[in-house]
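# Sequence first, predicted model second:
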Amino acid sequence: MRGARNAAPHDISCRQARGQATRSAAIRPRSNSFSVSLNPMQDATLLLSSKLPKVGTTIFTVMSALAQKNGAINLGQGFPDFEPDDRLLDRVSAAMRAGHNQYPPMAGNPLLRQRVADKFASVHGVRPDWEHEVTITSGATQAILSVIMAVVRAGDEVIVLEPAYDSYVPNIELAGGRAVPVGLRPGDFRPDFAAIEQALTSRTRLVIVNTPHNPSGRIWRRNDWDRLGEILASRPVFVLSDEVYEHMVYDGESHVSAGAVPALSGRSFVVSSFGKTLHVTGWKLGSVIAPPALTAEFRKVHQFTVFTANSAMQQGIADYLGDPAPWQQLASFYQARRDRFLAGLAATPLRALPCEGSYFVCARYDEVAAMRDLPEREACEWLTREIGVAAIPLSPFYSAPTEQRIIRFCFAKRQTTLDQAVARLASLCSMGGTSSR
């Protein structure tokens, strides 16, 4: 995002005659750095010291490549294998033909911001000011980065509840902050408020909460938010609430947003995703709701990272959301897939953990004879090669090595895809495991 201009000074000696190229340059190499050749007119190199030296290829890319290589059904990466509503595609196409092809306002299409405010009010009974509290973003990941860049300064601490989405910590480091991991309770992934309170210091600037939670599928209820509000009441700490799976909450439960909790709404940024809600993850559109003062600071960063988001897609989505049925029906749509997948898993030796929301379900494999002694990544690799179903290990969602014999599946797939995957997973029973039925 920003150039590596804070590298330690280095000596570059060069002699250059008129009309001649630079003849020599010397740079002392450092760890976590590499050289980049400049243009052909110069015989010099530029030292680039990585700002994210610990970041490599993500586990999602690795497992997807392995799935493709082995012809496996990919239940690893979290996106649908089905197409969105044709009516949505028609609205976007119509928006292009109607001239929505140039820059929209920096804060986003006015009608779409009104739709976001209407939807929030319908669900939570609190109406944001669409002009001063709602911003449309180029996806939730950009929104999260922009929130962190707006709030976190060098030396600030950010509490990250682990297991956590993999963009949080690199974003914090880019802002010059320090991530302070606090584990959710092992086994049930519920918040440990005593641990959260203990992690707070005078340097704490931000707490990141994700509900419904990726990867565990657990949700925060109102009493959880109230408890966090009590802990933060006397502290100058902001909250980033990642709520991209907000409309995927099951079994009669309701999604509770930080923006609807009086003790927290004045200090919270609420991040949402049109990509998740409308089955269009590749469109990269999201939104942020925050109080006016917080929104003003957020937009300062937003305007100099992406400025604004895709114009025709914003208009098309705004037109489409005039009918609330698609997002209102999303929970039942995905609950049917969750239930179908869980019923299939019950016929295997994999033990599913509770899934209250999102489109992920986690499962323990310690009763699978061929897998129980393998670390999570190796277990997923074995499952992909030998069984033909790709999953994601939970361990990469932690900043420190953590092994629980738990893997994550995505059920945002066609029902035929889920049935085929379950049929393959049933073969685990012949490898020393028994079903839970």
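Alright, I've got the coordinates.
# Please make it C-alpha for all contacts and neighbour counts, starting now.
OK.
# so where does Val422 fall, helix or strand?
Assigning secondary structure by DSSP states H and E places Val422 in helix 415-425.
# and that helix, C-alpha only, in PDB?
What follows is helix 415-425 as a C-alpha-only set of coordinates in PDB (Å, rounded to 0.1, in the frame of the first residue of the first chain):
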ATOM      1  CA  GLN A 415     -27.000 -29.300  -3.400                       C
ATOM      2  CA  THR A 416     -25.600 -31.800  -6.000                       C
ATOM      3  CA  THR A 417     -22.100 -30.700  -5.100                       C
ATOM      4  CA  LEU A 418     -22.800 -31.200  -1.400                       C
ATOM      5  CA  ASP A 419     -24.300 -34.700  -2.100                       C
ATOM      6  CA  GLN A 420     -21.300 -35.700  -4.100                       C
ATOM      7  CA  ALA A 421     -18.900 -34.500  -1.400                       C
ATOM      8  CA  VAL A 422     -20.800 -36.400   1.300                       C
ATOM      9  CA  ALA A 423     -20.800 -39.500  -0.700                       C
ATOM     10  CA  ARG A 424     -17.000 -39.300  -1.000                       C
ATOM     11  CA  LEU A 425     -16.600 -38.500   2.700                       C
END
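# Count the neighbours of the nearest residue to Leu184 once chain neighbours are set aside for me.
For Leu184, the nearest residue in space outside its immediate sequence neighbours is Pro191; the separation is 5.0 Å by C-alpha to C-alpha, 6 or more residues apart in numbering. Around Pro191 sit 21 other residues, with neighbours defined as other C-alpha atoms under 10 Å.
# in the stretch 301-437 of the chain, which spans are strands?
351-352, 360-364, 389-390, 392-393, 406-410 (DSSP state E, counting those that start in this stretch).
# Could you spell out the sheet neighbours of the first one, each with its direction?
Paired neighbours of strand 351-352 in the sheet (DSSP bridges): strand 360-364 (antiparallel).
# from the middle of its chain, how far away would the strand it pairs with be?
Taking the mean C-alpha point of strand 360-364 and that of its whole chain, the gap between them comes to 17 Å (C-alpha atoms, centre = their mean, to the nearest Å).
# repeat for stretch 165-184
12 Å.
# Quick check: the spatially most central residue of the chain vs His100, distance?
Nearest to the mean C-alpha position of the chain, by C-alpha atoms, centre = their mean, lies Tyr165 at 5.0 Å. Tyr165 sits at a distance of 33 Å from His100 (criterion: C-alpha to C-alpha, to the nearest Å).
# Could you list the buried residues of stretch 225-236?
Going by neighbour count (16 or more other C-alpha atoms under 10 Å), the buried part of stretch 225-236 is 225-226, 228-229, 232.
# Correction: the previous question concerned stretch 366-378.
Along stretch 366-378, the positions that meet the burial threshold by neighbour count (16+ other C-alpha under 10 Å) are 366-371, 374-377.
# do stretch 74-89 as well
For stretch 74-89, a neighbour-count test (16+ other C-alpha under 10 Å) marks 74-80, 88-89 as buried.
# and the end-to-end length of that stretch?
The first residue of stretch 74-89 is 25 Å away from its last residue (C-alpha to C-alpha).
# Pull the residues that contact it.
Residues outside stretch 74-89 that contact it (C-alpha atoms under 8 Å, 6 or more residues apart in numbering): 60, 63-64, 67, 276, 278-281, 316-317, 320, 359-360, 389-392, 408-414.
# Mean confidence (pLDDT) on the helix holding Val422, please.
For helix 415-425, mean pLDDT is 97.
# Name the residues of it that are buried.
For helix 415-425, the buried set under the neighbour-count rule, 16+ other C-alpha under 10 Å, comprises 415, 417-418, 421-425.
# For ChimeraX, write the select line for the buried members of the contacts of stretch 74-89.
Below is the selection syntax for ChimeraX that covers the buried ones among the contacts of stretch 74-89, with 16+ other C-alpha under 10 Å defining burial:
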select :60,63,64,67,276,278,279,280,281,316,317,320,359,360,389,390,391,392,408,409,410,411,412,413
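# quick one on the thing from earlier: closest one of the buried residues of stretch 225-236 to Phe304?
Distance ranking of those against Phe304, using C-alpha to C-alpha, places Leu232 first at 30.7 Å.
# Please report how far the closest one lies from Phe193.
Where Phe193 is concerned, Leu232 sits at a distance of 11 Å (C-alpha to C-alpha).
# what's around the closest residue in space to Arg227 that isn't next to it in sequence, how many residues?
Using C-alpha to C-alpha, 6+ apart and skipping the chain neighbours, the partner closest in space to Arg227 is Phe193 (7.6 Å). Summarising burial for Phe193: neighbours were counted as other C-alpha under 10 Å, giving 16.
# Kindly report the same for the one 4 residues further on.
By the other C-alpha under 10 Å criterion, the neighbourhood of Glu197 contains 13 residues.
# ditto for Leu353
Should you count by other C-alpha under 10 Å, Leu353 turns out to have 19 residues around it.
# quick one: contacts for it?
If a contact means C-alpha under 8 Å, 6+ apart, then Leu353 has 188, 361-364 as its contacts.
# Save those residues as a markdown table, and put in pLDDT and neighbour count too.
Below are the contacts of Leu353 laid out as a markdown table (pLDDT from 0 to 100; neighbours: other C-alpha atoms under 10 Å):
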| residue | pLDDT | neighbour count |
| --- | --- | --- |
| Asp188 | 95 | 11 |
| Val361 | 98 | 24 |
| Cys362 | 98 | 24 |
| Ala363 | 98 | 20 |
| Arg364 | 98 | 19 |
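# Distance to Val288 added to the residues you listed, as a markdown table?
Listed next are the contacts of Leu353 as a markdown table, based on distance: C-alpha to C-alpha, whole Å:
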| residue | distance to Val288 |
| --- | --- |
| Asp188 | 29 |
| Val361 | 26 |
| Cys362 | 28 |
| Ala363 | 32 |
| Arg364 | 35 |
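# Endpoints of stretch 341-357, how far apart?
Separation of the first and last residues of stretch 341-357 by C-alpha to C-alpha is 14 Å.
# re the thing from before, tell me which of the buried residues of stretch 74-89 fall in strands.
Counting by DSSP state E, the part of the buried residues of stretch 74-89 found in strands is Asn74.
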